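# would you be able to build a 3D model of this:
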Amino acid sequence: MHGERPPRLLFEHHRRLLTSCFHDVWIQLGVYITWPCILVSYLRFYYGLKAQGIDRSEFAYRAPFQPYASIFDAHFPTVLVILFSGFKLFVKDHWDAILIFAIMFCGYKLYHKSKLVPLSDIDFQTGRRE
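Reported below is the predicted structural model:
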């Protein structure tokens, strides 16, 4: 019996391991929700500039290959991650995080009565150095 763990310690080890896996899944879901939101925000910024006739070359920093890189990144890598490493997130009981995000987003929009700003009305001048 030398070297064997007592049953209580073994249970604690498994409990901590399951808790850690549970947190990993929620963190991955958070990334899968946040990344598309960032990409959509950038695309609205890009098309807002275009709608108002502002050239991106006026800015100090520009990302190359835009908006095509954002459009590509919103689809291709996400599909690869879901298929090869994150598929477990979208089976069984893990859809609740996406549902929670949708409810919170819609609840915020309804409670604050906020609307999507049209591309032609986005303010790109406030806070800009001359």
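
# any idea how far the closest residue to Asp55 other than its chain neighbours is from Asp121?
Of all residues not flanking Asp55 in the chain, Leu49 sits nearest, at 7.9 Å (C-beta to C-beta, 6 or more residues apart in numbering). Quick note: C-beta positions are derived from backbone N, CA and C, even for glycine. Counting by C-beta to C-beta, to the nearest Å, the gap between Leu49 and Asp121 amounts to 13 Å.

# helix or strand: which one has the residue nearest to Asp55?
Element membership of Leu49, judged by DSSP states H and E, is helix 7-51.

# could you do Gly107 as well?
Assigned by DSSP H and E, Gly107 falls in helix 96-112.

# and that helix, what does it pack against?
helix 7-51 (3 or more C-beta pairs under 8 Å, 6 or more residues apart in numbering; DSSP states H and E).

# got the end-to-end distance for stretch 108-116?
Terminal residues of stretch 108-116 lie 12 Å apart, using C-alpha to C-alpha, to the nearest Å.

# low-confidence stretches in the protein?
For the chain, the stretches flagged by pLDDT under 70 are 1-25, 77-78, 80-97, 130.

# what do you get if the cut-off is 90, keeping everything else the same?
Filtered on pLDDT under 90, the chain yields the residue ranges 1-43, 55-105, 114-116, 124-130.

# my guess is Pro67 contacts Tyr46. True?
Yes. In this structure, Pro67 is within contact of Tyr46 by C-beta atoms under 8 Å, at 4.8 Å.

# related to what we said a few turns ago, list the contacts for the residue nearest to Asp55?
Asp55, Arg56, Phe124 (C-beta atoms under 8 Å, 6 or more residues apart in numbering).

# take the residues you listed and keep only those in helices.
Among the contacts of Leu49, DSSP state H puts none in helices.

# what's in contact with stretch 100-120?
Counting by C-beta under 8 Å, 6+ apart, stretch 100-120 makes contact with Ile33, Arg44, Tyr47, Gly48, Lys50, Ala51, Gln52, all of which sit outside it.
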